[in-house]
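Colleague: kindly return the folded structure for what I paste below:
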Amino acid sequence: EAVVNIIFKGLGTVTGRVLDAEGLPLSGKTVNLTINGTKKYSNGTNAEGVYLFSEMNLGDLSLYIKDPVRNLSASGSGVLSAPGQTVTIDLQLDAAGSIVGTVLNVDGQTPSEGSLVKLTRAGKNYYCATDASGTFNFDSVKLGDFVLRVDGVLSSGKARIDGSINDNNEVKDYTGTVLD
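Modeller: Modelled structure (predicted):
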């Protein structure tokens, strides 16, 4: 008769809260957990912004959340190293602001409908077109420097604005931007 010894590695718990940039809890968000770079799990937050992964294998932890509505994210890491251990990792979404404005044709009076507005921030480009009143809007722009370039319809003019968003919920307003 053979005797086989089975050694269980142990299980632990990973928990925490998901918070917005102001520190308020976010409910209904999906938190993604990776253990040792291979095992992947997902779980949602409750009304208090709390997520919970129970009976998880021990190892290196990586957590990630992306808010698809605001296009903001947060990540965290830790180690679950002992059976029965609970690791708490709070995830706080990036701070962000908005860029808004209106574009006027070269006469300085007429709204420039359909102008292409390009926002460049941290090496990435984002685009929108002005509406009938020449209005444009970029929400959830992460903090830092940016460049706005506006190309009027049918090459009717251009504009460039260099700026920076420095505080959470800051709004940069470029109403009255005139194409040259």
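Colleague: contacts, neighbours, all on C-alpha from now
Modeller: Noted.
Colleague: beta partners for the residue positioned nearest the centre of the chain?
Modeller: By CA atoms, centre = their mean, the chain has its centre lying nearest to Leu72, at 1.0 Å. Counting by DSSP bridges, Leu72 forms beta bridges with Asp67.
Colleague: kindly report the same for Asn43.
Modeller: Val31.
Colleague: wait, it touches Ser27, no?
Modeller: No - counting by CA atoms under 8 Å, Ser27 is not a contact partner of Asn43; they are 11.6 Å apart.
Colleague: of those two, which one has the most company?
Modeller: The neighbour comparison of Asn43 against Ser27 (other CA atoms under 10 Å) goes to Ser27, with 17 against 14.
Colleague: what is the three-state secondary structure of the more buried one?
Modeller: What DSSP: H, G, I helix; E, B strand; the rest coil gives for Ser27 is coil.
Colleague: what's near enough to touch it?
Modeller: When contacts are counted by CA atoms under 8 Å, 6 or more residues apart in numbering, Ser27 touches Val18, Gly44, Thr45, Asn46, Ala47, Glu48, Gly49, Val50.
Colleague: let's see it at 7 Å
Modeller: The contact partners of Ser27, by CA atoms under 7 Å, 6 or more residues apart in numbering, come to Thr45, Asn46, Ala47, Glu48, Gly49.
Colleague: dihedrals phi and psi, the third one?
Modeller: What it means is Ala47. With angles defined as degrees, to the nearest 10, Ala47 sits at phi -60, psi -30.
Colleague: look up how far Val171 lies from the closest residue to it other than its chain neighbours.
Modeller: Nearest non-adjacent residue to Ala47, counting by CA to CA, 6 or more residues apart in numbering: Ser27, 4.8 Å away. Separation of Ser27 from Val171 (CA to CA, to the nearest Å): 25 Å.
Colleague: re the thing from before, per-residue pLDDT, the residue nearest to Ala47?
Modeller: Note on Ser27: pLDDT of 95.
Colleague: Gly10 too?
Modeller: pLDDT, Gly10: 80.
Colleague: give me the number of residues near it?
Modeller: Gly10 is flanked by 15 other residues according to other CA under 10 Å.
Colleague: before we move on, what about the one 4 residues further on?
Modeller: Residues contacting Val14 under the criterion other CA under 10 Å number 21.
Colleague: from the contact counts, what lies against the helix or strand where it lies?
Modeller: If you go by DSSP states H and E, Val14 is part of strand 11-19. Applying 3 or more CA pairs under 7 Å, 6 or more residues apart in numbering; DSSP states H and E, one finds that strand 11-19 contacts strand 50-57, strand 86-88, strand 91-92.
Colleague: that'll do, ta.
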